[in-house]
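>>> Pasting a predicted model and its sequence here:
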Amino acid sequence: MRAMLCHAWGEVESLSLEEVEPPVPGPDEVLIDVKATSINYADAIMVAGRYQTKPPFPFSPGLETAGVVARCGEGVTQFQTGDRVMAILPYGGLAEQAIAKTDETYHIPD
């Protein structure tokens, strides 16, 4: 899987596209095949180290994403594989797959 990664605080131009291991959803999480991710000011200041959240390196920015559920973690009943969803993430959306908590994931209407 490919992801844009931040290895040190700096400008967004310092991000690099890299191959990483696909994430695995835990309890009450879904794995999303990402189709779209918003990039906004919060992502830029996160990469610069000036945001309220400072993820451990390396990390992928991306706070809002949309796509299709690829896999559900243990205990997930409100989503199933193939559901179109959007999610609010702490980070991680600028990748081909992202993990989202079910309480921050929403069905996309047809």
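It's in. Numbers count the residues shown, from 1 in each chain.
>>> give the contact list for the spatially most central residue of the chain.
With distances taken as Cα atoms, centre = their mean, residue 93 lies nearest the centre of the chain, 2.6 Å away. Neighbouring residues of residue 93 by Cβ atoms under 8 Å, 6 or more residues apart in numbering: 34, 37-38, 60-65, 87. Any C-beta I mention is one placed from the backbone N, CA and C, and that applies to glycine too.
>>> host element of residue 36?
Per DSSP states H and E: residue 36 is located in strand 29-38.
>>> Any buried residues in that strand, and which?
Within strand 29-38, the residues scored as buried using 16 or more other Cβ atoms under 10 Å are 29-34, 37.
>>> Relative to residue 110, how far out is residue 50?
39 Å (Cβ to Cβ, to the nearest Å).
>>> just residue 38 next, same as before
Residue 38 sits 21 Å away from residue 110, taking Cβ to Cβ as the criterion.
>>> before we move on, what about residue 9?
The gap separating residue 9 from residue 110 is 41 Å, by Cβ to Cβ.
>>> And those two? Which one has more around it.
residue 9 (13 against 4; other Cβ atoms under 10 Å).
>>> residues contacting the more buried one?
Going by Cβ under 8 Å, 6+ apart, the list of residues near residue 9 reads 47-49.
>>> for this protein, what spans make up the helices?
41-47 (DSSP state H).
>>> any weak-confidence spans in this structure?
Under the criterion pLDDT under 70, no range of the chain is flagged.
>>> What is the burial count for residue 40?
Close neighbours of residue 40, defined as other Cβ under 10 Å, add up to 12.
>>> you'd agree it is up against residue 63?
Yes: counting by Cβ atoms under 8 Å, residue 40 does reach residue 63; the two are 7.3 Å apart.
>>> Would you mind measuring from the nearest residue to residue 25 once chain neighbours are set aside to residue 23?
Nearest residue to residue 25 in three dimensions, chain neighbours excluded: residue 73, at 3.5 Å (Cβ to Cβ, 6 or more residues apart in numbering). Look at residue 73 and residue 23: by Cβ to Cβ, they are 10 Å apart.
>>> quick one: common contacting residues for these two?
residue 31.
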